[in-house]
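*Asks:* Structure for this input, please:
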Amino acid sequence: MSNSTIRYSFLLGMIALAVVSRILPHPHNFTPIGAVALFGAAYFTRQWVAMLAPFIALWLSDLFINNVIYGQYYDGFQWFGSLWVYGAFALISLLGMAALRRVSAARVGGSAWAASVLFFIVTNFGVWASGGMYPKNTEGLIACFVAGLPFFGNTIMGDLFYSLVLFGAFEWAQARKLIPAAA
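*Replies:* So this is what the prediction gives:
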């Protein structure tokens, strides 16, 4: 097996394990997808793979969550989750590509925090813009953001926790030469 294949297999395996945690019981918004987007952006040498990996992870876990766990709340099979959520993770991947060209604890921590803020802003704006729960005015937008605040702490904790686990495990394995460095 080539070094590249070993490295990619390890990266994809770590992402798969992280995504499995999304379908296990957990606090709302304490999920691995933001960290997966940052992780992929930092370590996949091909940008299209870095963008595609979190989308596949999100999409596959959404298929299960929306059709098995929450299937009774939908009419028919759900192929996709919220486009606002997918858009937020695209932006998080781009953030990771820009900020994590060199990986350090400070860069990963700052990127995880920024990813949480980005996710909060994009998804709450999306709820306001595309839903009927809030009036389409400044007060409605503010009410939507205020209603999202209880979930924001879990988003930050999830992004920080999963970033620590993914980046920490990968760097540990690479330092011990269990996986090869990028070519």
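
*Asks:* Now residue 128: which helix or strand?
*Replies:* Using DSSP states H and E, residue 128 sits within helix 105-130.

*Asks:* starting at the chain centroid, how far to that helix?
*Replies:* With CA atoms, centre = their mean, to the nearest Å as the basis, the distance from the averaged C-alpha position of helix 105-130 to the chain average is 10 Å.

*Asks:* pLDDT averaged over that helix - what is it?
*Replies:* Per-residue confidence for helix 105-130 averages out to 98 on the pLDDT scale.

*Asks:* Any buried residues in it, and which?
*Replies:* 107-108, 111-112, 114-116, 118-120, 122-128 (16 or more other CB atoms under 10 Å). To be clear about C-beta, it is placed using only N, CA and C from the backbone, and glycine gets the same treatment.

*Asks:* quick one: the lowest-mean-pLDDT helix or strand in the chain to chain centroid distance?
*Replies:* Scoring the helices and strands of the chain by mean pLDDT, DSSP states H and E places helix 3-23 at the bottom, with a mean of 86. Relative to the mean C-alpha coordinate of its chain, helix 3-23 is positioned 14 Å out (CA atoms, centre = their mean).

*Asks:* what do you get for stretch 43-63?
*Replies:* In terms of CA atoms, centre = their mean, the centre of stretch 43-63 is set 9 Å apart from its chain centre.

*Asks:* Same check on stretch 1-12?
*Replies:* Stretch 1-12 has its average C-alpha position 21 Å from the chain's average C-alpha position, going by CA atoms, centre = their mean.

*Asks:* what sits up against that stretch?
*Replies:* Outside of stretch 1-12, the residues that reach it under the criterion CB atoms under 8 Å, 6 or more residues apart in numbering are 39-40, 43-44, 49, 53, 170, 173, 178-180, 182-183.

*Asks:* Who are the contact partners of residue 118?
*Replies:* 88, 91, 92, 95.

*Asks:* Among these, which ones are in helices?
*Replies:* Residues from those lying in helices, with DSSP state H as the criterion: 88, 91, 92, 95.

*Asks:* List only buried entries from those residues.
*Replies:* Of all those considered here, the ones buried according to neighbour count by 16+ other CB under 10 Å are 88, 92, 95.

*Asks:* Could you dump these into CSV and include pLDDT and distance to residue 5?
*Replies:* Putting these into CSV (pLDDT from 0 to 100; distance: CB to CB, whole Å) gives the following:
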residue, pLDDT, distance to residue 5
88, 96, 31
92, 97, 27
95, 97, 28
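
*Asks:* tell me which of the residues you listed is nearest to residue 64?
*Replies:* When these are ranked by distance to residue 64 (CB to CB), residue 88 comes first, at 20.0 Å.

*Asks:* ok, the closest one touching residue 125?
*Replies:* No - the pair residue 88 and residue 125 does not pass the contact test of CB atoms under 8 Å, sitting 9.6 Å apart.

*Asks:* May I ask which two of the contacts of residue 118 are separated the most?
*Replies:* Maximum pairwise distance among those (CB to CB): 10.3 Å, between 88 and 95.
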